[in-house]
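J.: Below are the sequence and a predicted model; questions follow.
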Amino acid sequence: MNLNQGSAVKSLDFHPLQQVLLRVGTNMGEVMVWELVTRERFAFKNFKIWDLAACSMPLQASLASDNTASINRVMWSPDGTLFGVAYSKHMVHIYSYSANDLKNHLEIEAHVGSVNDLAFSFPSKLCIVTCGEDRLIEGHEAPVYSVCPHHKENIQVLFMGY
């Protein structure tokens with residue numbers, strides 16, 4: 001099966017409950033949902049800051065010289081009602097998804113520089129974990145490139161790749 005994306009794909013994630021839905025993120029900051037049986041693209045958004053005034057001065061300066069950002073990671077929440085997008089410029093967008101419609105849910109200026117990965121944890125309440133090139137996940141000495149949350153019974157663990 002081929003889907004004509006138009007831009008280079010950077011990240012993919014299948015919906016956790018409806019395995020025919022595929023979330024796609026590109027190098028041009030495009031995020032979309034494909035329905036694989038019909039090969040239809042249901043939802044589409046381009047990178048855009050929702051509230052520029054709320055952003056830090058370094059991010060505003062970065063966007064003034066280049067307002068594009070590639071997508072490093074897309075991921076559905078465990079229940080499939082939300083999905084996150086980690087961008088190459090500071091930001092994480094959380095969208096709500098229902099009836100083939102994307103709605104802005106939460107905008108987070110998560111890191112200085114690239115947001116390399118994100119993960120959802122959902123044992124008792126929704127938690128979003130991110131890592132970035134600013135080395136921010138508690139005390140790491142090198143940039144973190146990947147995070148994977150895991151839980152067994154009441155114990156939560158984060159696996160991180162450098």
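T.: In hand now; what should we look at?

J.: Please name the nearest non-neighbouring residue to residue 85.
T.: Computed as Cβ to Cβ, 6 or more residues apart in numbering, the closest residue to residue 85 that is not its neighbour in sequence is residue 93, at 4.7 Å. All C-beta spots, glycine's among them, are computed from the backbone N, C-alpha and C.

J.: Outside of the helix or strand hosting the one you found itself, list whatever touches it.
T.: In this structure, residue 93 sits in strand 91-98 according to DSSP states H and E. With Cβ atoms under 8 Å, 6 or more residues apart in numbering as the test, strand 91-98 has contacts from 31, 33, 43, 45, 49-50, 59, 69, 80-87, 102-110, 115, 118, 128, 130.

J.: How much space separates residue 114 from residue 89?
T.: Separation of residue 114 from residue 89 (Cβ to Cβ, to the nearest Å): 7 Å.

J.: actually residue 110, not the one I wrote
T.: Computed as Cβ to Cβ, the residue 110 to residue 89 distance reads 10 Å.

J.: Overlap in contacts, those two.
T.: Applying Cβ under 8 Å, 6+ apart, one finds that no residue jointly contacts residue 110 and residue 89.

J.: picking that back up, alpha carbons only: can I get the strand holding residue 93 in CSV?
T.: Only the C-alpha atoms of strand 91-98 are listed here, as CSV (Å, rounded to 0.1, in the frame of the first residue of the first chain):
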residue,chain,number,x,y,z
MET,A,91,6.9,22.9,21.1
VAL,A,92,4.6,20.0,21.8
HIS,A,93,1.0,20.2,20.6
ILE,A,94,-1.7,18.0,22.0
TYR,A,95,-4.7,17.6,19.9
SER,A,96,-8.1,15.9,20.6
TYR,A,97,-9.4,13.6,18.0
SER,A,98,-13.0,12.5,17.4
